[in-house]
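>>> let's see this in three dimensions:
(chains A and B)
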2 protein chains.
Amino acid sequence: MAISKTPDSTRRSERSRRAILDAALDLVGETGYQKLTIEAIAARAGVGKQTIYRWWPSKAAVLLDAFLALGEDAAQGERELPDTGDLEADLKSVLRATVDELNSPVYDAPARALTAEGVVNAELGAQFVAQVLEPQLQLYVKRLRSAQEAGHLDPDVDPRIALELITGPLTSRWLLRTLPLTHDYADRVVELALRGISAR
Amino acid sequence: MAISKTPDSTRRSERSRRAILDAALDLVGETGYQKLTIEAIAARAGVGKQTIYRWWPSKAAVLLDAFLALGEDAAQGERELPDTGDLEADLKSVLRATVDELNSPVYDAPARALTAEGVVNAELGAQFVAQVLEPQLQLYVKRLRSAQEAGHLDPDVDPRIALELITGPLTSRWLLRTLPLTHDYADRVVELALRGISAR
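Residues are numbered from 1 along each chain as shown, chains lettered A, B, ... in the order given. I've put the predicted structure just below:
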C-alpha cells in the first residue's frame, strides 16, 4: 500500500496540532514559561517530541501559535472590529469582550505567563508583539480611521496613539491587578477616551 | 565599654541598608526574581545573611523596600505632583520624568523583573501595588481632585479612572514594548486624555 496523505491522516494531524497547542497553553499557565519544556508538552498532548519539532523549532514558536489560535477562536473568525457606524457602541462591545477574555481562566493564566516572560525577555516580547498583539491593535487603527473618514473622530489624532488610550488602561489594570476589570470600567474608559479623540 | 547605638553604628547600619537595597535591585535585574536569593544579595552587599534577615523577612520584602527607596530618590523627596495651576503642563512634566525613569537602565531591569513576577504571582503583585504603586497613583488622584475643585476638570469624572487614562498607555507601552517611550508620546497622551476629562 502506498503511503499517501489521506483525509484521515490530515484529520489526525489537525487533531495532534490542536492537542499540542492546548497542552502548551495549559502547561505554561501551570508552570510558567521558564519551566515549560517540549517534552512536557509532548507528554500532555500524547504525541512524540519529534512531532512537535517537525512543526515548530522552539517552545516559543509553539506558544505564539497557540495564542494565535486562541485569538482566532475568541474572534470566532472575525478579522475586523464591528463597524455599525456607532463608534462608542462598537468599542464598548469590543472592550467588554476583552474584559471577559482577560477574566477567563482559559486565557488568563497562559496569557500572564507569556506576557510576564516578554516583560523580561526582549526577544520573546518582540515576537509576541509582532505576531500576536500588533495585528490585533491594527484592527483598532482600521476602525478608528473609518471613524475619522466618517467625521466622528478628530482627523488630527493619530489612531495608533488613540487606540492606546482605549486599550492601555485595561491592559495595565489586568497586568498590574490594581483594581477589578469590569464591563462598567470598560464603558467608562471608552466614554472618556472618546471625549478625548472625538471630532470637535 | 558599654555597647550602645552610637552615631557611628547608625551610619554603618544605614550604609549596610543602602548596600543591601542596591544589591537587591542590581541582582533582580540580572537574574530575575525566581533566581534571586538572600545569599546572593548578602554577598553582593558585603554583609552577612543574618544582617538581612534581621531587617527583612523575605527577598520580596527587601525588593519592595528597594523600590520604595528608588521611588523616593527619583521624587527627590517630593511627595506630591506639581500644582502650578496649569494641569496640562504639570502632567506633561510628571509623565516626561516617568518616561526618563522607565528608559533608564537603573530602573528598567529591576522594575521589569519585579513587575513580571507580579504578573504571574498574585500575592507579590498585590504587595507591589499596595506598597509601591498605589501610593504613587494616589498622588494623581489628589492632583486631579484639586483640578476638579479649580473647575478645570469635569466634576463627574472619577479621578481614579481618569489617572489610568493618563498612566495606562505609558505603562502598557513600557511593559509590552510595542513602540518607543518618548517625551513626545507622553505629551500626546496627556493632551488627548485631558480633552477627555476636562470641564465641558
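>>> avg pLDDT for stretch A:126-141?
For stretch A:126-141, mean pLDDT rounds to 94.
>>> any idea how far that stretch is from the chain center?
Offset of stretch A:126-141 from its chain centre (C-alpha atoms, centre = their mean, to the nearest Å): 8 Å.
>>> please save the CA atoms from that stretch in PDB.
The C-alpha coordinates for stretch A:126-141 follow below in PDB (Å, rounded to 0.1, in the frame of the first residue of the first chain):
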ATOM      1  CA  ALA A 126       9.100  41.500  20.300                       C
ATOM      2  CA  GLN A 127       7.900  38.200  18.700                       C
ATOM      3  CA  PHE A 128       4.700  38.300  20.800                       C
ATOM      4  CA  VAL A 129       4.100  41.900  19.800                       C
ATOM      5  CA  ALA A 130       4.800  41.300  16.100                       C
ATOM      6  CA  GLN A 131       2.900  38.100  15.700                       C
ATOM      7  CA  VAL A 132       0.000  38.300  18.200                       C
ATOM      8  CA  LEU A 133      -0.500  41.800  19.600                       C
ATOM      9  CA  GLU A 134       0.100  44.200  16.800                       C
ATOM     10  CA  PRO A 135      -2.200  42.500  14.300                       C
ATOM     11  CA  GLN A 136      -5.000  43.000  16.900                       C
ATOM     12  CA  LEU A 137      -4.100  46.600  17.500                       C
ATOM     13  CA  GLN A 138      -4.200  47.200  13.800                       C
ATOM     14  CA  LEU A 139      -7.900  46.300  13.800                       C
ATOM     15  CA  TYR A 140      -8.400  49.300  16.100                       C
ATOM     16  CA  VAL A 141      -6.300  51.500  13.800                       C
END
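>>> what separates residue A:136 from chain B, distance-wise?
As judged by C-beta to the nearest C-beta, to the nearest Å, residue A:136 and chain B stand 11 Å apart. Bear in mind the C-beta positions are built from the backbone N, C-alpha and C, glycine included.
>>> please apply the same query to residue A:150.
19 Å.
>>> that residue - how many residues pack around it?
12 (other C-beta atoms under 10 Å in any protein chain shown).
>>> and the helix or strand bottoming out on mean pLDDT in chain A, what does it pack against?
Lowest by mean pLDDT, DSSP states H and E among the helices and strands of chain A is helix A:59-75, with a mean of 87. Identification of packing neighbours for helix A:59-75 by 3 or more C-beta pairs under 8 Å, 6 or more residues apart in numbering or on different chains; DSSP states H and E yields helix A:7-31, helix A:38-45, helix A:105-120, helix A:122-128.
>>> and that helix with helix A:38-45, angle?
Here helix A:59-75 runs at an angle of 40 degrees relative to helix A:38-45 (axes from the mean of the first three to the mean of the last three C-alpha atoms, to 10 degrees).
>>> how about helix A:59-75: buried residues?
A:59-60, A:62-67, A:69-70 (16 or more other C-beta atoms under 10 Å in any protein chain shown).
>>> can I get that helix in CSV, CA atoms only?
Provided in CSV are the C-alpha atoms of helix A:59-75 (Å, rounded to 0.1, in the frame of the first residue of the first chain):
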residue,chain,number,x,y,z
LYS,A,59,8.7,26.3,22.7
ALA,A,60,8.3,30.0,22.0
ALA,A,61,7.1,29.2,18.5
VAL,A,62,4.6,26.6,19.8
LEU,A,63,3.2,29.2,22.3
LEU,A,64,3.0,32.0,19.8
ASP,A,65,0.9,29.7,17.5
ALA,A,66,-1.2,28.7,20.5
PHE,A,67,-2.0,32.3,21.2
LEU,A,68,-2.8,33.0,17.6
ALA,A,69,-5.2,30.0,17.6
LEU,A,70,-6.7,31.2,20.9
GLY,A,71,-7.3,34.7,19.4
GLU,A,72,-8.9,33.2,16.4
ASP,A,73,-11.2,31.2,18.5
ALA,A,74,-12.2,34.2,20.6
ALA,A,75,-12.8,36.3,17.5
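>>> can you list contacts of that helix?
A:18, A:20-22, A:24-25, A:28, A:33, A:36-38, A:41, A:52, A:56, A:97, A:101, A:106-107, A:110-111, A:114, A:124, A:127-128, A:131-132, A:136 (C-beta atoms under 8 Å, 6 or more residues apart in numbering or on different chains).
>>> touching, residue A:199 and residue A:154? I think so.
Yes - the criterion here is C-beta atoms under 8 Å, and residue A:199 meets it with residue A:154 at 5.3 Å.
>>> for the two, indicate the residue with more neighbours.
Neighbour tally, residue A:199 and residue A:154, criterion other C-beta under 10 Å: the higher count belongs to residue A:154, 16 against 13.
>>> how near is that one to chain B?
For residue A:154 relative to chain B (C-beta to the nearest C-beta), the value is 9 Å.
>>> cool, and residue A:38?
20 Å.
>>> also residue A:140?
Separation of residue A:140 from chain B (C-beta to the nearest C-beta): 12 Å.
>>> what sits closest to that residue if chain neighbours are left out?
residue A:163 (3.8 Å; C-beta to C-beta, 6 or more residues apart in numbering or on different chains).
>>> give me the phi and psi for that neighbour.
Here is the backbone geometry of residue A:163 (degrees, to the nearest 10): phi -70, psi -30.
>>> which residues of chain A score low on pLDDT?
In the prediction, chain A carries residues with pLDDT under 70 at positions A:1-5, A:76-77.
>>> verify the stated contact: residue A:116 with residue B:124.
No - using C-beta under 8 Å, residue A:116 is not in contact with residue B:124; the gap is 11.3 Å.
>>> more neighbours, these two?
Neighbour tally, residue A:116 and residue B:124, criterion other C-beta under 10 Å: the higher count belongs to residue A:116, 24 against 19.
>>> relative to residue B:103, how far out is the most centrally placed residue in chain A?
Of all residues in chain A, the one closest to the mean position by C-alpha atoms, centre = their mean is residue A:71, 4.8 Å from it. Residue A:71 is 30 Å from residue B:103, where distance means C-beta to C-beta, to the nearest Å.
>>> which residues touch the closest residue to residue A:137 other than its chain neighbours?
Nearest non-adjacent residue to residue A:137, counting by C-beta to C-beta, 6+ apart: residue A:163, 5.9 Å away. By C-beta under 8 Å, 6+ apart, the contact set of residue A:163 is A:137, A:140-141, A:144.
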